[in-house]
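Engineer: A predicted structure for the sequence below; I have some questions about it.
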Amino acid sequence: MKKFFHLLKKNYANLQIKYKLFILVSWIMISSLLFTFFGLQYAFQNYDEQIYSKSSQVLSTSSNIIENELQKMEDLSYNILTDPQIQQYLSSNSGKSTEYEKYRIHTNMVDKLLSYVNNEKYIQSLILIDTNGEEYIAGPRHFTLPTDQKRKIIREAIIADGKNIWVNPQGEDFTIVTAREIRQYKNLTFEPLGTLIININMDKLVSSLFGGSSKKDGEFLITNNQELIYPKESAGFLQEIALSIKEKPGYQIKKIAGKNYFLVHINSHYFDWSYVNAIPFNEIFKNISLIKTVLILIFILMFFIVTILGIRFARNITIPLENLVKGMQYVQNGDFKEAQKGFLKSSFLSEDEVGKLHKNFQSMTQQIDELVNENLSKQLTIKETEFKALQAQINPHFLYNTLESINWLAKMNDQDQISKMVEALGFLLRNSISLKKRLIPMEDELNIVKNYIVIQKYRFDERLDFKMQVDSDLFDVYIPKLTLQPLVENAIHYALENMVDVCKIRIYSDLYQDRFQLIVEDNGPGMEPAFLEKLRKGEVKTRGQGIGLSNINERIKLSFGNDYGVKIESEPNNGTKIIIVLPYDRGEKHVQSNVG
């Protein structure tokens, strides 16, 4: 994969500018399209969540009203079964009562039940059946239960042992039945007195939630996940919606009967019901879908427009550049006339950067052509001048031969001091004049210092105390030529010449794992802080024509890097220490590349 990306990057870098611009514009447009598309998707998803939240609140409010009414029915059944008069009527009604007593009890019982029914507008009928099978019915609408269903309800109420039971609606009539067994609580005998059955008109209850009008923004449904409970008389697609509801509350977008619906549902606390709010998805999101389509079309149109404009823009840049490249190829081959004539004459050169580049290149080509012709006429004069200058130089071999003659005469006359000084001077001259190698072995650099000290010893005699203690492991390490000798020369100038006592100059080394230090130390008068700061900044010039510290420092950094160089430590009346930091092992390849 890494090789693939590397190859892709390499191929892209080698493409022409116009193709690079085309790819760049295409990438920007596609990235913008994807960013906008996914941004809209995220926004629409949040919008779905908001719709779900609002629809869920409306649905929760509606379902709470229904659940509260059902709770009131439970409370009503409890109030009826604990009513003292009803308890008394049921207790006094026995098989031995006369017909008149039965009629009176029946009338009083119905009136009492009516007093409860009249306070509840959603009760369809209220039925009380005593233990003798006598029925007491009250309500705006008489609701007759089938005998089998009635027996089943009474049996379930008895099993519930005084608790309220609920029975799902049966058939086409959306009527819910709640029942409870009535028992004698006087003297805590808890003898059965009968069964109370309340029929609730759920059609009326649900319709009252919406003011009796049909919902234009959706459908309110009640389902038990197997069939549609409410509304009973409905289109087939509502049955399909009812069957598509999941058990877990939430929302979903479902395509039913060729249309998308936004379905929100919550579960009932009393039954295995789900309250559903079905909102036509296309009607809500019609504008949003249109916006999606329009945005995509706009992006496609913009992509083609930007691509065409980008190609034209790239051609306006690349065509002059291509002509310029061809002109440069003629210049590279030395054909300046053809470069100016064939590829730099353009009728549509503008005043932008590319046009200015053309004009400047044309002017430069003309000037180069003139300079080349002018230089050709001066070459012979320059060569002749150089030849005469070389003839006027002193031949170094003549100088070396003269020193050898002086050395021979000194030895013939037993002048050993003169002989040693001449030999040392000759060694120094040979190494100073020969500049073919920038780096030399440490041993050669130390020999230069030794010969320099030989000459200075004859000058200062016992006032110069010089010692050299360099680790022999460093003799093969390469360092810049004339690194130590200028430092010893500076120590003599700034320390020895300003002292009356003996001047001690010492060269020693400190070896580390990846680097080493060469230290040139003297016991001279030292330096003031202000002078030392100027010296570190390279603001102090050396005496005479010698090599300064800044020169040595720069040569070391050029050869080995900025991690190495020269450091200075000095205090007034406490001597001076010059520390040279060099790499210990830079490798044979590095040394050879720098030596050459």
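Structural biologist: Right, received. Where do you want to start?
Engineer: alpha carbons only for contacts and neighbour counts from here, please
Structural biologist: Will do.
Engineer: Contacts made by stretch 74-84 with the rest, please.
Structural biologist: The set of residues external to stretch 74-84 that reach it, using CA atoms under 8 Å, 6 or more residues apart in numbering, is 86-87, 113, 116, 164, 178-183, 196, 198.
Engineer: quick one: which of the residues you listed is nearest residue 458?
Structural biologist: If you rank those by distance to residue 458 using CA to CA, residue 164 comes first, at 130.8 Å.
Engineer: Read off the pLDDT value for that closest one.
Structural biologist: The model reports residue 164 with a pLDDT of 85.
Engineer: List the ones among the contacts of stretch 74-84 that fall in strands.
Structural biologist: Cross-referencing the contacts of stretch 74-84 against strands under DSSP state E gives 178-183, 196, 198.
Engineer: What is the nearest of these to residue 271?
Structural biologist: residue 178 (11.6 Å).
Engineer: if I look at the closest one, how far off is residue 129?
Structural biologist: 14 Å (CA to CA, to the nearest Å).
Engineer: swap in residue 258?
Structural biologist: Taken as CA to CA, the span from residue 258 to residue 129 is 51 Å.
Engineer: And for residue 39?
Structural biologist: For residue 39, the distance to residue 129 - CA to CA - is 66 Å.
Engineer: next one: residue 152
Structural biologist: 13 Å.
Engineer: Also residue 89?
Structural biologist: Distance from residue 89 to residue 129, by CA to CA: 12 Å.
Engineer: so where is the stretch 101-250 of the chain shaky, pLDDT-wise?
Structural biologist: 141-144, 169-174, 187, 210-218, 225, 232-237, 240, 242-250 (pLDDT under 70).
Engineer: Swap in 50 and give it another go.
Structural biologist: 212-216 (pLDDT under 50).
Engineer: All the helices of it, in order from the start?
Structural biologist: Here the stretch 101-250 of the chain has its helices, by DSSP state H, counting those that start in this stretch, at 147-160, 202-209, 236-243.
Engineer: domain assignment for the protein?
Structural biologist: Following automatic domain parsing, one gets these domains for the chain: 82-207, 334-377, 439-444+452-595.
Engineer: In contact with the closest residue to residue 180 other than its chain neighbours, which residues are there?
Structural biologist: Spatially, and ignoring its direct neighbours in sequence, residue 180 is nearest to residue 164 (4.9 Å; CA to CA, 6 or more residues apart in numbering). Residue 164 makes contact with 74, 77, 157, 178-181 under the criterion CA under 8 Å, 6+ apart.
Engineer: Need the contact partners of stretch 57-73.
Structural biologist: Contacts for stretch 57-73 (CA under 8 Å, 6+ apart): 178, 198, 205-206, 209, 264-266, 268-270, 275-277.
Engineer: Measure how far the strand or helix carrying residue 39 is from the centre of its chain, please.
Structural biologist: Following DSSP states H and E, one finds residue 39 within helix 17-81. With CA atoms, centre = their mean, to the nearest Å as the basis, helix 17-81 stands 28 Å off its chain's centre.
Engineer: for stretch 548-564, same thing?
Structural biologist: 43 Å.
Engineer: can you list contacts of it?
Structural biologist: 479-480, 483, 486-487, 536, 538, 541-542, 565-566, 580-583, 594.
Engineer: Quick one: end-to-end distance for stretch 567-582.
Structural biologist: 11 Å.
Engineer: ok, back up a step: tilt between the helix holding residue 39 and helix 202-209?
Structural biologist: 130 degrees (axes from the mean of the first three to the mean of the last three CA atoms, to 10 degrees).
Engineer: average pLDDT across helix 17-81?
Structural biologist: Rounded mean pLDDT across helix 17-81 is 76.
Engineer: on that earlier part again, give me the distance between the residue nearest to residue 180 and residue 86.
Structural biologist: For residue 164, the distance to residue 86 (CA to CA) stands at 18 Å.
Engineer: how near is the residue sitting furthest away from the middle of the chain to residue 58?
Structural biologist: Centroid-distance maximum for the chain: residue 98 at 94.0 Å, with CA atoms, centre = their mean. From residue 98 across to residue 58, the span is 56 Å (CA to CA).
Engineer: For the closest residue to residue 162 other than its chain neighbours, give the beta-bridge partners.
Structural biologist: Among residues not flanking residue 162 along the chain, residue 181 sits closest, at 5.1 Å (CA to CA, 6+ apart). Note on residue 181: beta-bridge partners residue 195, judged by DSSP bridges.
Engineer: pretty sure residue 181 is touching residue 155, no?
Structural biologist: No - here residue 181 lies out of contact with residue 155, judged by CA atoms under 8 Å, at a distance of 9.4 Å.
Engineer: more crowded one of the two?
Structural biologist: Neighbour count, other CA atoms under 10 Å: between residue 181 and residue 155, residue 181 has more, with 29 against 13.
Engineer: Give the full set of residues in contact with the more buried one.
Structural biologist: Residue 181 touches 81, 154, 157-158, 160-164, 192-196, counting by CA under 8 Å, 6+ apart.
Engineer: nearest to residue 373, of those?
Structural biologist: Minimum distance to residue 373 across those is 119.4 Å, recorded for residue 164 (CA to CA).
Engineer: remind me which residues of the stretch 451-596 of the chain are low pLDDT?
Structural biologist: By pLDDT under 50, the weakly predicted segments of the stretch 451-596 of the chain are 544-546, 586-596.
Engineer: so where do the strands sit in it?
Structural biologist: Ranges of strands within the stretch 451-596 of the chain are 464-469, 478-480, 503-511, 515-522, 565-570, 576-583, based on DSSP state E, counting those that start in this stretch.
Engineer: name the helices or strands packed onto the shortest one?
Structural biologist: Strand 478-480 is packed against strand 439-441, helix 549-560, with contacts defined by 3 or more CA pairs under 8 Å, 6 or more residues apart in numbering; DSSP states H and E.
Engineer: Okay, now the sheet partners of it, with direction.
Structural biologist: Paired strands of strand 478-480, with direction, are strand 439-441 (antiparallel) (DSSP bridges).
Engineer: swap in the fifth one?
Structural biologist: Taking DSSP bridges as the criterion, strand 565-570 forms sheet pairs with strand 576-583 (antiparallel).
Engineer: got the angle for the partner strand vs helix 549-560?
Structural biologist: Going by the same axes, to 10 degrees, strand 576-583 makes 10 degrees with helix 549-560.
Engineer: Now do strand 576-583: everything it contacts.
Structural biologist: Under CA under 8 Å, 6+ apart, the answer for strand 576-583 is 479, 487, 514-527, 556, 560, 564-570.
Engineer: Just the buried ones from those?
Structural biologist: Neighbour-count burial (16 or more other CA atoms under 10 Å) is assigned, among the contacts of strand 576-583, to 479, 487, 516-527, 556, 560, 564-566, 568, 570.
Engineer: Might one say that residue 310 is in contact with residue 25?
Structural biologist: Yes - the pair residue 310 and residue 25 passes the contact test of CA under 8 Å, sitting 7.3 Å apart.
Engineer: Could you tell me how far residue 305 is located from residue 72?
Structural biologist: Residue 305 is 69 Å from residue 72, by CA to CA.
Engineer: Next: residue 295.
Structural biologist: 54 Å.
Engineer: One more: residue 364?
Structural biologist: Distance from residue 364 to residue 72, by CA to CA: 102 Å.
Engineer: for the helices and strands packed on strand 478-480, which one sits closest to residue 412?
Structural biologist: strand 439-441 (34.9 Å).
Engineer: What average pLDDT does that closest one get?
Structural biologist: Mean predicted confidence for strand 439-441 is 88.
Engineer: how far is that strand from where the chain is centred?
Structural biologist: 52 Å.
Engineer: and residue 562, how many neighbours does it have?
Structural biologist: When neighbours are counted by other CA under 10 Å, residue 562 registers 11.
Engineer: Number of residues surrounding residue 496?
Structural biologist: 24.
Engineer: residues in contact with it?
Structural biologist: Residue 496 touches 463-464, 502-503, 524, counting by CA under 8 Å, 6+ apart.
Engineer: For stretch 325-333, list every residue counted as buried.
Structural biologist: For stretch 325-333, the neighbour count (16+ other CA under 10 Å) marks 326-328, 330-331 as buried.
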